[in-house]
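Peer 1: Provided below for reference: sequence and predicted model.
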Amino acid sequence: MNKILLSLSLLFYTVLTAQNTKPYIPQQKNLQAHYSKVPVNHSKSSGCWLPLDATYTDITNIFTRSYSPQDDGSYGPLNLGFNFTFYGQTYNSIYINVNGNITFGNYYSSYSPAGFPSSSAPAMIAPFWADVDLRGTGSGTNKVYYKLESNRIIIQWVEVGYYNKKTVPLNTFQLILTDGTDPDVGIGFNTRFAYDDMNWCVGDVGGTNGFGNGNFATVGAQTSGGGNYYQIGLFGEDNYNYDGAGGNLDGVHFLDGKCFTMDLSGTNVAPIAVGFPDNQTVNMCMNSTYTLTTGFSGPESNQIVTTTISNATLSNLQTSISNGNYSSQTITINATSADVGTHTITYTAVDNGTPAKTTTVNLTVNVYDCGNFIGPSSIEFDGTDDYVLFGNIGNLNLSGHITLETWMKPYVQNFAGDIAVIHKNDQYMLGYNGSSGQAVFKVNIGGTWYSISSNATLTANKWNHVAGTFDNNVMKIYINGKLDNSANVSGALNVSNSNFVIGADLTATKYFAGRLDEIRIWRVAKSENEININRFKSIPSNTNYLQMYLKCDEDEGAVLIDTSGYYNNGSLTNMDTVACWKDNFAKIWYGNTDNNFNTGSNWSKGLAPLVSDNGSLEAFEYVIIPNNLSNYPVLTEQTEINNLVILDSANIALNPGAELVIYNDLYNFGVDTFDATIRFSGQNTQNQYGSATFENLTIDADVILNNDINIRGELLLNTGVLNINNQILTIKSDSLQTGLIYHNSGSINGEVTMERYIDHQVNTFGYHYLSSPMTNINIAQIDDDIPLINLGGNTTSNPLPNLWYYDETVADTNFMGGWTSPGSMSYPMTPMQGFAVYVWNSKLWDVTGTVNNGSVSRAVYNTSSGNPLADGWNFVGNPYPSPMNWDNVSLPSGVDNAVYYWDYETNQYASYVDGIGTNGGNGFIATMQGFYVHATSNTTLTFDNSARTTQNNSSYYRTGNSVSSYPETIKLKVDGNGYTDETAIRFGSNATDSFDVAIDAYKLLSGDPNAPILYTLIQDKKSSINSLPKFNNGNYTVPLYFEPGVSGNYTIDLSYKGEFDANTTITLEDAVTGTFHDVIYGGPYQFSMNVGDAPNRFFVHFNKVITGVENNDSENLSVYSFEDKIYITQLKQNARVEVLDITGKQIVSKQLIPNAQKIISLPENTSSGIYFVRIYSENLNIVKKLWIENKELK
């Protein structure tokens, strides 16, 4: 006897892969009115899946023949009332078994499926033989039904779970047996497998969570003992893979929404056809593209199927074939005007069995001239008598799960009551209430209407998306993609013979006024996420569970075309078939020309979107960026959009400097990172959907987050409330950039996560000063990123704690005595408190909490220890999620103006006061940065938002050099042994020779013994910034002190010079070597010094040579130098000349007489450098600065 895998042609009523640049069903015009060959079919009585209704018998609780009947039980024998022929044997009764199969002659309780052929299995048909378990509880789950009719039986396993009592996930599938005369299955065919949502393969005996250990579920059939058999596949994977009867385990999701129709009456079958559209017919418009992927499966696992495709009439048909046990084919049709008409593509599949069998499928392709398609539209109803009539459509007689959805733009309606937009009387309705403006969803169960209304009110004259779902247990209504209301209602939908109507309830004579677009009906209860995302998408024809799809894109004509694949088109009634077609709910980007947002030809209907009405041009509420395009928009300037929708894998780019202003909602399903500023600036509450990283986000309104987002740069809260809505808002940080939050009048409702990248340099101490920007966290939020050790220890502990705070109230003459380690993880990170943490390598620290905003205060102290220099040091921190500008802080009496940071790169303290900083200090205090202030008395330090800024947040404590507010300023830097240190000297009219708390800064000493120290003294206080009285003429000398950490070679160099008078010289004197070094022009000064040497080695001489007017000689006196000589010409009176070096020392002085060239020779030992030449008399005063080049001394 021949072994057989399947009889007949297997028909998949759902297309595996069908993509087209325009939908292939003719939809752009009223095709029936213009082209009579276009099908308008109201006669089809059923789709692939036959829906559940009230006439089915529930046998869930009457299974027998097992110690656990609802696990491995059976029901039967059940008399069919008709003859069913199976491999030449006629049967008129069956057994329905819990485990996804039916048997002939006896029940079968085995829960362990075998691949076919199986010598132990009886005669069986198995739509899904697996370890089904009906014992799990759950609303609407674990049901088995059958309906027996005169020539067929329909059996449904509805949301069945697996052993052991598992109800997540679930499977739903269907088996139909007929006598071969049923038109739904097809004349001449007697068996159909149909699948809804399939999610598991294996019970807990053989796996976990529905899969595992190489086990599987079997789909196929066999005679007793397997003498004849067929096998569609062994399904054991959680994916969509399928490779035919043999090969690897197949993915259970391959079955989703598919149907297998076959004739099992004979003893041999040909290859099984997979993936052809319903009726083997394709309808498409010229100038469009259609792609179809199909397959033929070999009846036996060792058979090879070879397929050929032939057509001689289409102008551009591309084919691709891959043969094997599962032969797959892909065709692409590029239809042109020459292809208008009907074509046949013939598929011939031949196996290599004995004898070889052949399957032939003729695919009909209808190409229509669809006219000039100019873009998506919507349909308008006048509210008086307009509606669209479809008749009684079989595939809309849904009794199980259902989703109704549409875009709706209601006009103001003058009469009260519920107004239908989608209506099938005595079955279901979706609409809205004319008086309240609420959306309404209704279902009819057993003759009784059950209704649910939205909490939200639909905005008149605005587009709203409305959806209603029912899963036989719960009714739900969604507004604009969000679940709005629900109600528990149980039972199967009533099935009525009423006409299906769009835009009216004809039984109540109530008519809808407004526009509709994208009307869809599904035989599944869609999830919130599916509804929210897919409401913006164009859905392919033959999508799983799609029963009707009215795109409303005709632009003219009397027919509303269904593109679901069922072709159930509707007739416009009492409607102006030209004027009723309006712009649709969205402007769609096509990118036909380039990536310029403002180029009209890039958009549907050739016009870029408007944010407000302009004359006869309507504003578009939604702008959609689809996927699979060659060009995507690139914004280079400020661009305004009402609602922006970016579909998955789509993109919109923002160049630096661009700004995208959103007035309503942002639906981002495609962009990972926005590289410029997004601004929410609407009048009403706005929503942000989709996870993304924003460079900058500006909030000018109330905004609700609906997904997690990151901010890489600036979150600016101008006005309104940013509602986190239990999502995750993360302010990002890395080695290059750290984000911030800046409050103007806006605020945040909810917790925020802030990151701070902590850099670690090799051979450094590794300490970093931290603070919290949150109101309500403790040090455990440090420990989760930087493990904390030996909390509560002290400076003699081993190991040493790596987290410290500073307690000024500890009376210790040693500055180090105030360092204290917190005692436990619950120690709070109080706002404005500083912490020092030691890290061993670079870390990313994050904290989560409520960010601080407004006024924040902390007590500061000066506790007498007997050493005034060790008293008054308070370790505080930036309490805000943004940087602070120290110049904007209002300090109380008793707190010095200077601020001190720890520089982890140099192991030195940076300082800043009144516009000048050392070691990089510049007055900007980064987020999460700790720092020191010095108090001269006990007081309260208060910060408020006026101290906050958006500048300089990229690194801890500093960014670049600061500029003194005193023009006459220098900073000197010592460099050596891998360390640097810096000190500042400046002159100003407000300074004194004493320590001025408003303009001077102490020198905080590094704890690193190898670090050098460069400083000046102010009243015996080591100082990093020394502000001195301004001097106008003469010399000013400042002692400069240096203490090397390690004996060796060092350099002192000018690191910053302000605006000194041009005649000022600055000289560094080395008292040990007697060297005078030009600080301004001489470059780095090199020297050697040992640890323990006297620190008072250097002096800085400031010399203002003279005050006068340069080149004020009305007689055109000329003064210049050549090598080591000075030349003076055009002198017309007696005068005296003096030459001085940069220290002010006189080198030459002599009397000059007029009218002769004078040559001034300098002493032989004069070194090259800058010199000043002064020529003066009673009415002459000239100073020239010259460079002297003494070649003899080179």
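Peer 2: Looks like it arrived, so ask away. Bear in mind that the values here come from a model prediction, so they are computed numbers and not experimental data. Numbering: from 1, shown residues only.

Peer 1: Need the three-state assignment for D887.
Peer 2: Recorded secondary structure, D887: helix (DSSP: H, G, I helix; E, B strand; the rest coil).

Peer 1: Might you report the residue contacts of it?
Peer 2: For D887, the contacting residues are D914, G915, G923, by CB atoms under 8 Å, 6 or more residues apart in numbering. The way it works is simple: take the backbone N, C-alpha and C, and place the C-beta from them, glycine included.

Peer 1: cool, and G849?
Peer 2: By CB under 8 Å, 6+ apart, the neighbours of G849 are E751, V752, S772, M774, T775, N776, I777, Q781.

Peer 1: buried set for stretch 992-1010?
Peer 2: F995, D996, V997, I999, D1000, A1001, Y1002, K1003, L1004, S1006 (16 or more other CB atoms under 10 Å).

Peer 1: which one of the contacts of D887 is nearest Y880?
Peer 2: G923 (15.1 Å; CB to CB).

Peer 1: Just give me the neighbour total for the residue nearest to the closest one when sequence neighbours are not counted.
Peer 2: Closest residue to G923 apart from its sequence neighbours, by CB to CB, 6 or more residues apart in numbering: W886 at 4.2 Å. By other CB atoms under 10 Å, 25 other residues sit near W886.

Peer 1: W886 contacts I925, doesn't it?
Peer 2: Yes: using CB atoms under 8 Å, W886 is in contact with I925, at 6.3 Å.

Peer 1: any shared contact partners between the two?
Peer 2: V899.

Peer 1: Just send the contacts of D887 back as JSON lines, with neighbour count, secondary structure and distance to L170 too.
Peer 2: Converted to JSON lines, the contacts of D887 look like this (neighbours: other CB atoms under 10 Å; DSSP: H, G, I helix; E, B strand; the rest coil; distance: CB to CB, whole Å):
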{"residue": "D914", "neighbour count": "24", "secondary structure": "coil", "distance to L170": "72"}
{"residue": "G915", "neighbour count": "18", "secondary structure": "coil", "distance to L170": "70"}
{"residue": "G923", "neighbour count": "23", "secondary structure": "coil", "distance to L170": "63"}
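
Peer 1: Tell me the one among these nearest to E159.
Peer 2: G923 (66.0 Å).

Peer 1: I'd like the distance between that closest one and G915.
Peer 2: G923 sits 7 Å away from G915, going by CB to CB, to the nearest Å.

Peer 1: which residues in the stretch 101-250 of the chain form strands?
Peer 2: 101-103, 124-129, 132-133, 143-148, 152-162, 166-178, 191-195, 217-222, 229-237, 250-251 (DSSP state E, counting those that start in this stretch).

Peer 1: The stretch 551-700 of the chain too?
Peer 2: Going by DSSP E, counting those that start in this stretch, the stretch 551-700 of the chain shows strands at 559-560, 570-573, 581-583, 586-588, 622-625, 634-635, 638-641, 643-646, 653-654, 659-662, 666-668, 673-680, 686-689, 692-699.

Peer 1: Need those strands in a markdown table (columns: mean neighbour count).
Peer 2: Output for those, formatted as a markdown table (neighbours: other CB atoms under 10 Å):
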| stretch | mean neighbour count |
| --- | --- |
| strand 559-560 | 24 |
| strand 570-573 | 20 |
| strand 581-583 | 20 |
| strand 586-588 | 23 |
| strand 622-625 | 24 |
| strand 634-635 | 18 |
| strand 638-641 | 18 |
| strand 643-646 | 24 |
| strand 653-654 | 20 |
| strand 659-662 | 20 |
| strand 666-668 | 24 |
| strand 673-680 | 20 |
| strand 686-689 | 23 |
| strand 692-699 | 22 |
